[in-house]
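Enquirer: Everything below, folded, please.
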Amino acid sequence: MKKIGIAIIVVVSAQFSFAQQQSLDLKNMKPEARKEVLQKMEPNERMELLRQYRENMIVTELNVPQNTQPQFKSLYNEYQEKQSQIKSKFNPKDNYESMTDAEATKELDQSFEVGQQLLDTRKDYSKKFMKVISPQQVLKMYQTEGKMRKKILDRKQAGPANAGSQRRRP
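Expert: Predicted structure coming up:
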């Protein structure tokens, strides 16, 4: 259900090539119709839609030259997949109050370890990105990603269907 909500939020934000290729104008659909279309999609189709939206938004925001877009997109998707793999290693528990001190300490250590792996990967990929785009564009890319994350979290928290606790990864 979370994936559906994220996909809806993202789709509402902008129109992108994948939807056009599918003869869907999701941006101009009524919310109910858009939700129905997205719910009929397989989870992997929704994730692909989100991936392509994110990719196209970053390319547009950074003004990546046409001749380097394929290389940039490939590297960006590789980076996103790597970060996703690292994040999937951390599954925080929601019952902190019932944890022993040892369990809580272990949870903290695990979150720090995953956070460090994310940072290390970001540093490694920064060097790779700078072979394709400028250092200024790399900075802007990370800033744009942060803005996208914040926008999605803000909308999730504001939505009535998402009134429950929000799970955040490191």
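Enquirer: What is the burial count for Val59?
Expert: If you count neighbours by other Cβ atoms under 10 Å, Val59 ends up with 19. Using the backbone N, CA and C atoms, a C-beta is placed for each residue, glycine as well.
Enquirer: And Met141, by the same measure?
Expert: Using other Cβ under 10 Å, Met141 is surrounded by 22 other residues.
Enquirer: what's the average pLDDT for the longest helix along the chain?
Expert: Criterion DSSP state H: the longest helix present in the chain is helix 101-129. Per-residue pLDDT over helix 101-129 has a mean of 94.
Enquirer: So that it lines up with my notes, have the first residue be 286 from now on.
Expert: In the new numbering, first residue 286, that becomes helix 386-414.
Enquirer: after it comes which helix or strand?
Expert: helix 420-443 (DSSP states H and E).
Enquirer: Just the buried positions in the longest helix of the chain, please.
Expert: Judged by neighbour count using 16 or more other Cβ atoms under 10 Å, the buried positions of helix 386-414 are 392, 399, 402-403, 407, 410, 414.
Enquirer: same question, stretch 315-334
Expert: 319-320, 322-323, 331, 334.
Enquirer: related to what we said a few turns ago, who does the longest helix of the chain touch, helix- and strand-wise?
Expert: With contacts defined as 3 or more Cβ pairs under 8 Å, 6 or more residues apart in numbering; DSSP states H and E, helix 386-414 has these neighbours: helix 354-372, helix 420-443.
Enquirer: quick one: the longest one to chain centroid distance?
Expert: Just to be clear, that refers to helix 420-443. 9 Å (Cα atoms, centre = their mean, to the nearest Å).
Enquirer: Stretch 392-407 now?
Expert: The answer for stretch 392-407 is 17 Å, by Cα atoms, centre = their mean.
Enquirer: quick one: contacts of that stretch?
Expert: 364, 367-368, 371-372, 374-375, 377-378, 381, 384, 427, 454-455 (Cβ atoms under 8 Å, 6 or more residues apart in numbering).
Enquirer: Could you single out the nearest of the residues you listed to Asn348?
Expert: Nearest to Asn348, judged by Cβ to Cβ, of the contacts of stretch 392-407 is Tyr427 at 15.8 Å.
Enquirer: burial measure for that closest one, as a count.
Expert: Tyr427: 14 surrounding residues under other Cβ under 10 Å.
Enquirer: quick one on the thing from earlier: so can I have TSV of the contacts of stretch 392-407 showing distance to Ala443?
Expert: Conversion of those to TSV gives the following (distance: Cβ to Cβ, whole Å):
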residue	distance to Ala443
Tyr364	29
Lys367	31
Gln368	25
Ile371	28
Lys372	23
Lys374	29
Phe375	26
Pro377	23
Lys378	26
Tyr381	25
Met384	30
Tyr427	25
Arg454	20
Pro455	23
